[in-house]
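> A structural model of the following input is requested.
(2 chains)
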Amino acid sequence: MEFERDYYAILGIPADAGERTIKQAYRQLARRYHPDTSTEEAAAERFREVQEAYELLIDAKQRAAYDHWRRQQGIDRPAPLILRVIPSQARLPCLGESVALYLLIELVASDEVECRRLPLNLGIILDRSTSMKGIRLQQVKKAARYIVDQMGPDDILSLVAFSDRAQVVLSGRPGMDKALARSAISGIRSGGGTEILQGLQLGLQEVERWHTGDPLAQISHLILLTDGQTYGDEQECIEIAKLAGEQHVPITTMGIGSDWNDSLLDQMSNISGAPGASIYIDSSAQIAQAFHDRIHSLGSLFAYDLTLSIHLTDSVTLQDAYRVAPQIGKLEFVDNRVFLGPLEKRYPQAVVLELLVASQAPGKHRLLQVDVEGMVPAVGRQPVRVRQVLDVIFETELERRPQIPADIVSAMGKLTIFKMQERAMADIEVGKIESAVNRLKNMSTRLLNLGEVELAQAALLEAGRLSHAGDLSAAGRKQIRYGTRRLTILPKEVRYD
Amino acid sequence: MIKCPFCDSVYPENTLFCEECGSYLASSNEHGTDPLEDQVIAKSEGDQASKSSFMTLVLSVDGGGRIELPLSKEVVLGRLDASRASFPDVDLSGEKGLEKGVSRRHARITRRAAQVFLEDLNSLNGTFLNATRLVPELPYPVKDGDEIQLGKLLLTIHLK
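Residues are numbered from 1 along each chain as shown, chains lettered A, B, ... in the order given. Next up, the predicted model:
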């Protein structure tokens, strides 16, 4: 059965109201809106609504059916997702020209709803090519053994190692023998080239064996770790990543050292439904930490398949949209919608919209409506929807310069650095070296102001290298690209324990 | 429309940051200094004058530019190098500092009451006062018209 209205709201009573309260509210409202006596606007329409609500709620059988439907829709529970829309200013001047307006959209998991840890179906794909030899492979094995220890009784772990061929080191099955798994990991030997496609195909196959396709009952995920370039199979890798995405198996990609193809790994993660889940590891000592963080973040996923949609009124144009937390990345809206991916319990997602607002007559104006939709396993199978609208007031004379929220200034400051980096990289692509050098130098100054000394040094060093040698170093390029991505407004480290 | 004061890029009103050079654009009107009452200013000037005389340090680079700055507590001479977090008060990279062997933190000029001192900061190529090499980290008194040398860079010091 479908109900269109919130009947309790029509009568202005709580959902647990007794019969007396219902009757009382009905009598009062019926008198107020009676078409013969009322002078209020749309009284007849309101009267009909009140009548309808009363007839339904006073009938115990119908009311029970309606209450059941409400529970299914999740109407009376605390909202699991909290959506906040913060404008850079709520009052705008009537200047006769368009003004810039920034919107910080925050999406947070509610404290009142518990996070349910779903069983993992995890596939790990490890590069064992010759270049992994020594400390790198040792650290990777250590990290893999750590993951084995972290697996619960319902979790399934499979492990694939690849060079120019791929082999299954550990085949996933429920109730894994941990001792056997550890010894299988110790047996991985390095040798051979790097062909990511081989590993990816086999890894996906392994995960698919236990994959139910139900994102509310199981988290299927692939983690790919590599340290080298793959040649000739890039396009096919992206195809496989896309296929994985269609089957709800997102891929986290990790690159060690400086010789791997960062844009390929980026694309693979993005297309597989894990936007921004490509991780740069510059020394082998960080491998264990990266795996540790990833495993725990998968265990604290709160919501899935979040999409953000915006409806702009005619006076507003969207200039640019970026995610600013958990990491910075550009968002491309298609038909006013964009995929945000999963939300962790402790890491909010935040998005910045850069808008251009045409001048309006003085008074209150609606600018836009923001909707977020997604699945929250803890509250059931009905998609959760949250909505916010934004109104601003246009004034002929602003009393004083409006205070811009500190979070927006901070987010935009960091986002600007990220954009300068993007532009510098784009300049290098088309051979505008001098312009790129200037951008890197400016970036370095801004980074220094933020206290990001290491990243500032890297940018300055690469600016010098670029002006002398005409190109960035492979390591510097990655350090800058991945370093500017983590300039978020969140506390830098959330510790998983 | 507003213009970035540093790189002249043009943006719509209320834009927060310049995307070319990263400057914060909304600050111009916000953090302006509030004028103080005349009396207050006059009084504080008098206070300072009675404690110690105001002094200006002028450094003339041999065959180069002239640098003039107030000598408050200390002035560090060296080369700007952001990547090593070196930010001296006087940056001599524009005076061929690197070629002439000036260290990032080369020397400093300090002042106690009316006396001015020059001190070498353990520089690689040394600091010279009137052609005598200074013992590192020991302040030497200097007077108006003295010649100092950082590495091979020659400067004349004037005090006003």
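> now do the buried residues in stretch A:49-63.
A:49, A:50, A:53, A:54, A:56, A:57 (16 or more other CB atoms under 10 Å in any protein chain shown). Just so you know, the C-beta spots here come from the backbone N, C-alpha and C atoms, and that holds for glycine as well.
> typed the wrong thing, it's stretch A:302-318
Residues of stretch A:302-318 classed as buried: A:302, A:303, A:304, A:305, A:306, A:308, A:310, A:312, A:315, A:316 (neighbour count, 16+ other CB under 10 Å).
> then stretch B:134-142?
B:134, B:139, B:140, B:142.
> same question for stretch A:448-463.
A:448, A:452, A:455, A:456, A:457, A:458, A:459, A:460, A:461, A:462, A:463.
> for chain A, tell me which of the buried residues of stretch B:134-142 show up nearby.
With CB under 8 Å from any CB of the partner chain as the criterion, these include none near chain A.
> which residue is nearest the centroid of chain B?
residue B:89 (3.3 Å; CA atoms, centre = their mean).
> about what we covered before: contacts with chain B among the buried residues of stretch A:302-318, please.
Okay, of the buried residues of stretch A:302-318, nothing touches chain B (CB under 8 Å from any CB).
> what's the closest of those to chain B?
For the buried residues of stretch A:302-318, the residue nearest chain B by CB to the nearest CB is residue A:316; the value is 12.6 Å.
> which residues touch stretch A:390-398?
A:85, A:87, A:89-94, A:101, A:103, A:357, A:359-370 (CB atoms under 8 Å, 6 or more residues apart in numbering or on different chains).
> closest to chain B among the buried residues of stretch A:49-63?
Using CB to the nearest CB, the buried residues of stretch A:49-63 come closest to chain B at residue A:49, 43.0 Å.
> roughly how far does the closest one sit from residue A:56?
Residue A:49 sits at a distance of 11 Å from residue A:56 (criterion: CB to CB, to the nearest Å).
> phi, psi of the residue nearest to residue A:453 when sequence neighbours are not counted?
Spatial nearest neighbour of residue A:453, chain neighbours left out: residue B:85 (6.3 Å); criterion: CB to CB, 6 or more residues apart in numbering or on different chains. When read as degrees, to the nearest 10, the backbone of residue B:85 gives phi 50, psi 40.
> these two touch, right, residue B:85 and residue A:451?
No - with contacts counted by CB atoms under 8 Å, residue B:85 stays clear of residue A:451, the gap being 11.0 Å.
> need phi/psi at the closest residue to residue A:54 other than its chain neighbours.
Take residue A:54 and drop its neighbours on the chain: the residue closest to it by CB to CB, 6+ apart is residue A:26, 4.2 Å away. The phi and psi values for residue A:26, taken as degrees, to the nearest 10, are phi -60, psi -50.
> which residues touch the residue nearest to the centre of chain B?
Under the criterion of CB under 8 Å, 6+ apart, the contact list for residue B:89 reads B:69, B:74, B:75, B:76, B:77.
> measure it to residue A:34 for me?
84 Å.
> state the distance from the residue of the stretch 201-350 of chain A found nearest chain B to residue A:101.
Taking CB to the nearest CB, chain B has its nearest neighbour within the stretch 201-350 of chain A at residue A:319, 8.8 Å off. In this view, residue A:319 and residue A:101 are 10 Å apart by CB to CB.
> who's more crowded, those two?
residue A:101 (24 against 14; other CB atoms under 10 Å in any protein chain shown).
> so the residue lying closest to the more buried one once chain neighbours are set aside is in which element?
Closest residue to residue A:101 apart from its sequence neighbours, by CB to CB, 6+ apart: residue A:355 at 4.6 Å. With secondary structure defined by DSSP states H and E, residue A:355 is part of strand A:349-357.
> moving C-terminal from that strand, which element do we reach first?
Past strand A:349-357, further along toward the C-terminus, the next helix or strand under DSSP H and E is strand A:363-375.
> what about the closest residue in space to residue A:189 that isn't next to it in sequence, neighbour count?
Leaving aside its chain neighbours, residue A:189 sits nearest to residue A:128 (6.9 Å; criterion: CB to CB, 6+ apart). For residue A:128, the tally of surrounding residues (other CB under 10 Å) stands at 26.
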